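Participant: only the shape, not the letters, is given here:
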């Protein structure tokens, strides 16, 4: 077998089958995938959630993760944020001719590890190869199916005045980790992407507050964009306090250097929850018991002032509007 | 939210090599030019603007300013 | 972070604010001439901390905003010349020129690259000897020495395919022009922080001497700005305008001698075209004869004349960037602000540039002012 991807790997012929058998199956093996039929067949009943995402992050390897881990976590998290228990994922890859097989192998192993951590199986997939220069190393699409338990009704439109806003941990880690690779910033202690599957964290949150109002992961556009989405969808005002928002010192320094505001930088392993005030402390405590929620904090609340707008009380005292991200902050961050 | 040109963040010089230096702030390390501040020494803090150190921070003056600020603060307690 | 955190102390801010309020009696107007100050003042809500007697106005401090449309059109035209790579600071990408923008030009296939530093542009020239790499040199006296240093370095290394289109501008001359015009009555000036690290405090001495206007050089942290306002109020109330340095950890009266030497080595002073103001004499820097092979204007003028179809410069209808730049209007007074002109669909540069007054108002507007948009 050659040590780089060739166009023939995507032709459907012998090399394609070889690739599946030698690179994908050993890592991702499960009953449904192993059948290698045109479709994966399974039974499911109840309220289903279905999501899809494509990943074009550049560079494909970054501190704390790679495009493979990102692809699994991103889709698992989209399902989780709707209150769905993730069941199955599809994995579709477009490879650039010339990509070293060792890199693909590494990425598939990351997919396996992330899927195992999340407790999901990849049950169907596809591989295509394009000419050198027509894809930047590789692009991935994952789609996912999950099941929503009865009674769970999570939506960006559910925020109510008086609700508390809880953030699961430090912001800006993923965007800065990717950016630091691109901009040649070094760190004495490397900033790592926070890329993580949050389904187990969400499960614990739902145990503490089954009727939780809103959940979302602040990916592209950062915390500010997610809060603005809630404010608009629910037509409420959201007030947050700048000094309650956890940011790692190295992320803050990198943001100062690059001219970014941490509230606009992408995260891939964090969530924002909007909960009834009476549930806030319970949810916070549950979050802190989970590794991915250990730095969780209540950062603000929902108010009836300035509906549709997010207002931040700055460190110094005066308040300012925090708008949605406008323009392009960081291209190809996920 | 694009980069703001004017804001120069104070960075500490960690090492010097000719007209370039490794500067550090909050755990971030970056290569910078000291062509405009050839007098900068390791351990000193510089103001960085688009990759160039434009001035060395005067620590004595910084202390004086903070002292002045503290005086102002204590006066306004009284008045 | 050292030299940063100490100047963000909220307790100190409150006390400084109280001191300003206790000393400020008559209504006064202060103007800042630095985009970084405009940004910091909005970001930290300084207007909400100072008393109503102190009005703060943004002046022409954003290098992107004051770049004449004709210069931007030239940069875009250069992008289409054969074998040219345009390198620019990110903020210039989305500014609308008469017919296009650098971002659009890049999307249409021209080689336009964003750089963080002039050093990166020289690096690109070094790595691509067959291309003519042109750096769009916008900025004031903070950026000028960095460009001078990069040109000298390119000279030393024998890099011949590096060129600069100088749109560099000087601050004290435009201060004089605004004061002479009398359009906006000023009592005090918040002098730019990092321009002053380079030029020192002496170039501002004509301002209190000839116009009776107080000048204090300020840093960028909220405490720095409040300290500056406090000193300005004191000078104005005492009727004793002078030039004072509040940013003492960064600025010396004589400035940065090495930086000034490098500027003198490479540049000569000339008139410059300021958007919204027009030609201001002796307010720009052009590359001098000794380094003219680095001057994109000289090197490419022939080709440009050949390629250009002489379409007239167009300014967007209804745009009040010129007025905002001169401090005659605040962003809230432009009826395009927030409605037609937003960061997503900017009409003029003041909304595009992170240092532009309109962008700062839009991004950091107080909840009260946001009722306007």
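Facilitator: On my side now, so go ahead. Just so we're clear, the structure is a prediction, and the values are computed from it rather than from any experiment.

Participant: within range of chain A, give me the residues from chain C.
Facilitator: Within reach of chain A by Cβ under 8 Å from any Cβ of the partner chain, chain C has these residues: C:1, C:4, C:8, C:10, C:13-14, C:42-46, C:48-49, C:94, C:116, C:222, C:342-344, C:354, C:362-367, C:370. No exception for glycine: its C-beta is placed from N, CA and C like everyone else's.

Participant: just the buried residues of these.
Facilitator: Neighbour-count burial (16 or more other Cβ atoms under 10 Å in any protein chain shown) applied to these gives C:1, C:4, C:8, C:13-14, C:42-46, C:49, C:94, C:116, C:222, C:342-343, C:354, C:362-367, C:370.

Participant: ok, back up a step: out of the residues of chain C next to chain A, which touch chain B?
Facilitator: Subset of the residues of chain C next to chain A in contact with chain B: C:1, C:4, C:116, C:354, C:363, counting by Cβ under 8 Å from any Cβ.

Participant: count the residues that sit near residue C:158.
Facilitator: By the criterion of other Cβ atoms under 10 Å in any protein chain shown, residue C:158 has 7 neighbours.

Participant: and it, which of the three is it?
Facilitator: With DSSP: H, G, I helix; E, B strand; the rest coil as the basis, residue C:158 sits in coil.

Participant: any idea how far it is from chain A?
Facilitator: Relative to chain A, residue C:158 is positioned 25 Å away (Cβ to the nearest Cβ, to the nearest Å).

Participant: before we move on, what about residue C:106?
Facilitator: Distance from residue C:106 to chain A, by Cβ to the nearest Cβ: 12 Å.

Participant: so that residue is in contact with residue C:94, correct?
Facilitator: No: if you go by Cβ atoms under 8 Å, residue C:106 and residue C:94 don't touch, sitting 10.7 Å apart.

Participant: max-length strand in chain B?
Facilitator: For chain B, the longest strand by residue count, based on DSSP state E, is strand B:10-17.

Participant: in its sheet, what does whichever helix or strand comes after it sit against?
Facilitator: Per DSSP states H and E, the first helix or strand lying C-terminal to strand B:10-17 is strand B:20-25. Using DSSP bridges, strand B:20-25 pairs in its sheet with strand B:10-17 (antiparallel), strand B:28-33 (antiparallel).

Participant: mean neighbour count and mean pLDDT for the ones you listed - can I get that in TSV?
Facilitator: Compiled in TSV, the strands paired with strand B:20-25 are given as follows (neighbours: other Cβ atoms under 10 Å in any protein chain shown; pLDDT from 0 to 100):
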stretch	mean neighbour count	mean pLDDT
strand B:10-17	17	95
strand B:28-33	20	90
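
Participant: for residue A:49, find the nearest of the ones you listed.
Facilitator: strand B:28-33 (39.4 Å; Cβ to Cβ).

Participant: any idea how far the longest strand of chain B is from the chain center?
Facilitator: 10 Å (Cα atoms, centre = their mean, to the nearest Å).

Participant: what separates stretch A:94-108 from the chain centre, distance-wise?
Facilitator: 22 Å.

Participant: can you give me the end-to-end span of it?
Facilitator: The straight-line separation of the ends of stretch A:94-108 (Cα to Cα, to the nearest Å) is 13 Å.

Participant: okay, and which of the residues of chain C next to chain A map to helices?
Facilitator: When these are checked against helices (DSSP state H), the matches are C:10, C:13-14, C:42-43, C:46, C:48-49, C:222, C:362-364.

Participant: farthest pair in those residues?
Facilitator: Within these, C:14 and C:362 form the most distant pair, 27.3 Å apart (Cβ to Cβ).

Participant: show the subsequent helix or strand relative to the one helix or strand residue A:284 maps to.
Facilitator: Here residue A:284, judged by DSSP H and E, is contained in helix A:277-289. As assigned by DSSP H and E, the chain's next helix or strand after helix A:277-289 is strand A:297-303.

Participant: who does that next one pair with, and is each partner parallel or antiparallel?
Facilitator: Strand A:297-303 is paired, per DSSP bridges, with strand A:164-167 (antiparallel), strand A:237-241 (antiparallel).

Participant: so the helix holding residue A:284 versus strand A:297-303, what angle?
Facilitator: Interaxial angle of helix A:277-289 relative to strand A:297-303 (axes from the mean of the first three to the mean of the last three Cα atoms, to 10 degrees): 160 degrees.

Participant: would you point out which residue of the stretch 151-300 of chain A is nearest chain C?
Facilitator: Residue of the stretch 151-300 of chain A nearest chain C, by Cβ to the nearest Cβ: residue A:253 (6.3 Å).

Participant: quick one: contacts for that residue?
Facilitator: Taking Cβ atoms under 8 Å, 6 or more residues apart in numbering or on different chains as the criterion, residue A:253 is in contact with B:9, B:25-28, C:1.

Participant: hey, which of the strands paired with strand A:297-303 is tucked in deepest?
Facilitator: strand A:164-167 (a mean of 25; mean count of other Cβ atoms under 10 Å in any protein chain shown).

Participant: just checking, next helix/strand downstream of that strand?
Facilitator: helix A:173-183.

Participant: can you pull the buried residues of that following helix?
Facilitator: A:173-181.

Participant: quick one: whichever helix or strand comes after it near chain B?
Facilitator: Of the helices and strands lying after helix A:173-183 in sequence (DSSP H and E), the nearest is strand A:186-187. Yes: Strand A:186-187 reaches chain B (Cβ under 8 Å from any Cβ) through A:186-187.

Participant: run the contact check for strand A:186-187 versus chain C.
Facilitator: No: with Cβ under 8 Å from any Cβ as the criterion, chain C is not reached by strand A:186-187; the gap is at least 14.2 Å.

Participant: what sits up against that strand?
Facilitator: Residues outside strand A:186-187 that contact it (Cβ under 8 Å, 6+ apart): A:180, A:250, A:254, B:27-30.

Participant: same question for stretch C:98-113, mean pLDDT?
Facilitator: Looking at stretch C:98-113 alone, the average pLDDT works out to 95.

Participant: just give me the residue right at the centre of chain B.
Facilitator: Geometric centre of chain B, nearest residue: residue B:10, 2.8 Å, by Cα atoms, centre = their mean.

Participant: surely that residue is in contact with residue B:49?
Facilitator: No: look at residue B:10 against residue B:49 with Cβ under 8 Å: they stay out of range, at 11.5 Å.

Participant: what residues does the longest strand seen in chain C touch?
Facilitator: Longest strand in chain C by number of residues, with DSSP E as the criterion: strand C:278-287. Residues from elsewhere that reach strand C:278-287 (Cβ under 8 Å, 6+ apart): C:144, C:151, C:164, C:166-170, C:173-174, C:177, C:263, C:266-274, C:294-295, C:297-298.

Participant: among the residues you listed, the buried ones, what's the PyMOL command?
Facilitator: Those of the contacts of strand C:278-287 that count as buried under 16+ other Cβ under 10 Å are selected in PyMOL with:
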select buried, chain C and resi 144+151+164+166+167+168+169+170+173+174+177+263+266+267+269+272+273+274+294+295+297
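
Participant: which ones among the contacts of strand C:278-287 map onto helices?
Facilitator: Per DSSP H, the contacts of strand C:278-287 map to helices at C:144, C:151, C:173-174, C:177, C:263, C:266, C:297-298.

Participant: what's the closest of those residues to residue A:19?
Facilitator: residue C:151 (52.0 Å).

Participant: next up, the contacts around the closest one.
Facilitator: So residue C:151 contacts C:162, C:164, C:266, C:287, C:291, C:294 (Cβ under 8 Å, 6+ apart).

Participant: let's go with 10 Å and repeat that
Facilitator: By Cβ atoms under 10 Å, 6 or more residues apart in numbering or on different chains, the contact list for residue C:151 reads C:118, C:122, C:135, C:137, C:159, C:162-164, C:166, C:262, C:265-267, C:287, C:291, C:293-295.

Participant: what number of residues lie near the residue of the stretch 1-150 of chain A found nearest chain B?
Facilitator: Nearest residue of the stretch 1-150 of chain A to chain B: residue A:63, at 12.9 Å (Cβ to the nearest Cβ). Neighbour count for residue A:63, taken as other Cβ under 10 Å: 17.
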